[in-house]
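J.: predicted model and sequence follow; I will ask about them next.
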Amino acid sequence: MDFDFSEDDIRRYSRHILLPEVGGIGQAKLRAARVLVVGAGGLGSPLLLYLAAAGVGTIGVIDHDTVELSNLQRQIAHTTGRIGVGKAESAAEAARAINPGVIVIPIAARLDASNALALIADYDIVCDGTDNFATRFLLADACVLGRRTLISAAVLRSEGQLSTFKPHTGGPCYRCLYPGPPPPGLVPSCGEAGVLGAVTGVMGTLQATEVLKEILGIGEGLSGRLLIWDALAASFRTIRLRRDPACPSCGEAPTITDLSAHAG
Ligand SMILES: [Zn+2]
């Protein structure tokens, strides 16, 4: 690993370097890490900004949308002046403005069955900040097949959920928790049901914290646990998740062996 930090780097990351859990070695681990952020929206905005600020060396951000006025209530990587600009590029610009010392790669594309495996292969950790079940299941299956750690956050109205899935080290996968997408129309999207903007900010920030913990190898990760936050009740709880031996993705006889079910 490269431990050669400039004086500016040492000043920039001094509050990390002071922490016994991080130090110079941890900061070098962060610089060597490669993280993919899927979705530059309400979750992806704070997530990307904190990862860049923390000095995560290479960050990919994929989003096919453009910035709209209705995004700005919560998607804090974007600005009024960037309405109409691609979200991946807009978010990358915000991240680079905080920390020009990290590489931010905007990917203006929709994650699909044809590109998912090749994309995640370039990264160590993948973050789900998407807003629809089709992409969530596609990404979850791709991460099992590609043996990538998936840190997944979700929000609806005033509630958030967060977990880390790494079945390649023995933990459950997303499909152990949710075997398949809910029937269309059962669970509304944020666009249909609304969401309290700050809730996405907290969940994206918690997600960023879990990414840093995974890179640094510190603390108790969320593999095998689901964190649930009820913002109106101001209460957090954590429930145990078990690996399902009959899971179609990570079980003993998996039926999902490629992404063909997600094509078309
Ligand atoms: Zn599973």
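T.: Here it is on my side, so go on.
J.: rest of the way, CA atoms for contacts and neighbours
T.: Noted.
J.: now for the helix or strand bottoming out on mean pLDDT in the chain, which elements pack on it?
T.: When the helices and strands of the chain are compared on mean pLDDT, DSSP states H and E, helix 190-193 comes out lowest with a mean of 78. With contacts defined as 3 or more Cα pairs under 8 Å, 6 or more residues apart in numbering; DSSP states H and E, helix 190-193 has these neighbours: strand 149-156.
J.: the helix or strand following the strand it packs on vs strand 149-156, what angle?
T.: Proceeding N to C from strand 149-156, the next assigned helix or strand is strand 159-165, under DSSP states H and E. Interaxial angle, strand 159-165 versus strand 149-156 (axes from the mean of the first three to the mean of the last three Cα atoms, to 10 degrees): 170 degrees.
J.: tell me how far the residue most central in space within the chain lies from the ion.
T.: Averaging the C-alpha coordinates of the chain gives a centre point, and the residue nearest to it by Cα atoms, centre = their mean is C127 (2.1 Å). Distance of C127 to the ion, given as Cα to the ion, to the nearest Å: 17 Å.
J.: check D65 too.
T.: Plainly put, D65 is 30 Å away from the ion if you go by Cα to the ion.
J.: can you pull the contacts of that residue?
T.: G86, K87, A88, A108 (Cα atoms under 8 Å, 6 or more residues apart in numbering).
J.: just curious, which of the residues you listed is nearest to V61?
T.: Proximity of these to V61 (Cα to Cα) peaks at A88, which lies at 5.9 Å.
J.: identify the residues contacting the helix or strand where the closest one lies?
T.: Per DSSP H and E: A88 is located in helix 87-98. Helix 87-98 has contacts (Cα under 8 Å, 6+ apart) with 40-41, 45, 48-49, 52-53, 61-67, 77-78, 82, 102-108.
J.: for it, list the C-alpha coordinates in PDB.
T.: The C-alpha trace of helix 87-98 is given here as PDB (Å, rounded to 0.1, in the frame of the first residue of the first chain):
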ATOM      1  CA  LYS A  87     -27.200  13.400 -12.300                       C
ATOM      2  CA  ALA A  88     -24.000  11.300 -12.400                       C
ATOM      3  CA  GLU A  89     -22.000  14.200 -13.700                       C
ATOM      4  CA  SER A  90     -23.600  16.700 -11.400                       C
ATOM      5  CA  ALA A  91     -22.900  14.500  -8.300                       C
ATOM      6  CA  ALA A  92     -19.300  13.900  -9.500                       C
ATOM      7  CA  GLU A  93     -18.800  17.700  -9.800                       C
ATOM      8  CA  ALA A  94     -20.000  18.200  -6.200                       C
ATOM      9  CA  ALA A  95     -17.800  15.400  -4.900                       C
ATOM     10  CA  ARG A  96     -14.700  16.800  -6.800                       C
ATOM     11  CA  ALA A  97     -15.400  20.300  -5.400                       C
ATOM     12  CA  ILE A  98     -15.100  18.800  -1.900                       C
END
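J.: how far off centre is it?
T.: Its chain's C-alpha centre and that of helix 87-98 lie 16 Å apart, by Cα atoms, centre = their mean, to the nearest Å.
J.: one step back: in this structure the residue nearest to the centre of the chain contacts V37, no?
T.: Yes - using Cα atoms under 8 Å, C127 is in contact with V37, at 4.9 Å.
J.: nothing else from me, thank you.
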